[in-house]
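Q: Sharing a sequence plus its predicted fold:
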There are 2 protein chains.
Amino acid sequence: MVGDVFHALDDRTRRLVLDELAAGDGKTLFEICALLTTRHGLGVTRQTISQHLGVLESAGLVVTERRGRCKFHYFNPEPLAEIARRWHTEERTQR
Amino acid sequence: MVGDVFHALDDRTRRLVLDELAAGDGKTLFEICALLTTRHGLGVTRQTISQHLGVLESAGLVVTERRGRCKFHYFNPEPLAEIARRWHTEERTQR
DNA sequence: TTGATAGGCAAGTGTTCACCTGCCTATCGT
DNA sequence: ACGATAGGCAGGTGAACACTTGCCTATCAA
């Protein structure tokens, strides 16, 4: 869908996940859980993060790669360009 | 709040309102209602659009100016730059 | 083979939110 | 003053969603 990117960004936990993936790609689900609890004090379950990763993946913001029993998550910034493209913010003067 | 911009964008009707304001600033509430129904077939009430404009305004995406009994709405693209700034999409290579 | 690790699936709950109806205030023209 | 225009406020409803608990599958090391 079109609005999936906007919906995926409308959640603080998902934005934090994107922050962590943007800081260094190729993290597993358990690594992301550990980072969120230690660095941001997030008290969330593993299943919750898994669901958030599913939302981010279906929005195209996260690409996954399975190796063995591990699943590595990568940040894909390409869908974010759609936002800047839609309202072409660069050529407008701010009033 | 921080996530107000993302929340404001997570709605198709609000995105259409932004489209109309970006196409030509200085529209009143009734003008926006008429544009949404005629150009996009949106069957929504005036109060609904008024609430959406309130969300957009509190997110900083819409600036208003009152003159008499009319209230003119202007598109403010500045908060959108926060998105590109957060994950600095331009300097990353896509994988 | 057994236990530990990494992840997925599904139902239930509480809250948020978009939308409506109903009524009220303020400004303008006549 | 009176009717019409432009907008605001508040309660109520139904659906979407974040989050949990409980259980299951698959891979690796011993």
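A: The structure has been received and is ready for your questions.
Q: can you list the weak-confidence ranges in chain A?
A: Low-confidence segments of chain A (pLDDT under 70): A:1, A:89-95.
Q: The residue nearest the centre of chain A: what secondary structure?
A: For chain A, residue A:18 is the residue whose C-alpha lies nearest the centre (Cα atoms, centre = their mean; 3.5 Å). Using DSSP: H, G, I helix; E, B strand; the rest coil, the structure places residue A:18 in helix.
Q: my guess is it meets residue A:61, correct?
A: Yes - counting by Cβ atoms under 8 Å, residue A:61 is a contact partner of residue A:18 at 6.5 Å. The C-beta positions use only the backbone N, C-alpha and C, and glycine is treated the same way.
Q: Any part of stretch A:55-71 near chain B?
A: Yes - contact between stretch A:55-71 and chain B is present through residue A:63 (criterion: Cβ under 8 Å from any Cβ of the partner chain).
Q: hmm, that stretch in reach of DNA strand C?
A: Yes - using Cβ under 7 Å from any atom of the strand, stretch A:55-71 reaches DNA strand C at A:69-71.
Q: likewise stretch A:29-49?
A: Yes - judged by Cβ under 7 Å from any atom of the strand, stretch A:29-49 comes into contact with DNA strand C at A:29-30, A:46-47.
Q: Specify which member of these is nearest to DNA strand D.
A: Comparing the residues of stretch A:29-49 next to DNA strand C against DNA strand D with Cβ to the nearest atom of the strand picks out residue A:47 as the nearest, at 3.8 Å.
Q: Now name the helix or strand holding that closest one.
A: Assigned by DSSP states H and E, residue A:47 belongs to helix A:46-58.
Q: Kindly report the same for residue A:7.
A: Per DSSP H and E: residue A:7 is located in helix A:4-9.
Q: most surrounded residue in the residues of stretch A:55-71 next to DNA strand C?
A: Counting neighbours by other Cβ atoms under 10 Å in any protein chain shown, residue A:71 leads the residues of stretch A:55-71 next to DNA strand C with 14 neighbours.
Q: Look up phi and psi at whatever residue of chain A ends up closest to DNA strand D.
A: The minimum distance from chain A to DNA strand D, using Cβ to the nearest atom of the strand, falls at residue A:68 (2.5 Å). Main-chain dihedrals, residue A:68, degrees, to the nearest 10: phi 70, psi -130.
Q: Residue A:37 contacts residue A:46, doesn't it?
A: No - assessed by Cβ under 8 Å, residue A:37 is found out of contact with residue A:46, at 10.4 Å.
Q: Report the separation between residue A:79 and residue B:39.
A: 26 Å (Cβ to Cβ, to the nearest Å).
Q: go on, residue A:42?
A: According to Cβ to Cβ, residue A:42 stands 42 Å off from residue B:39.
Q: quick one on the thing from earlier: and the helix holding residue A:47, what does it pack against?
A: Counting contacts by 3 or more Cβ pairs under 8 Å, 6 or more residues apart in numbering or on different chains; DSSP states H and E, helix A:46-58 packs against helix A:4-9, helix A:12-23, helix A:29-40, strand A:62-67.
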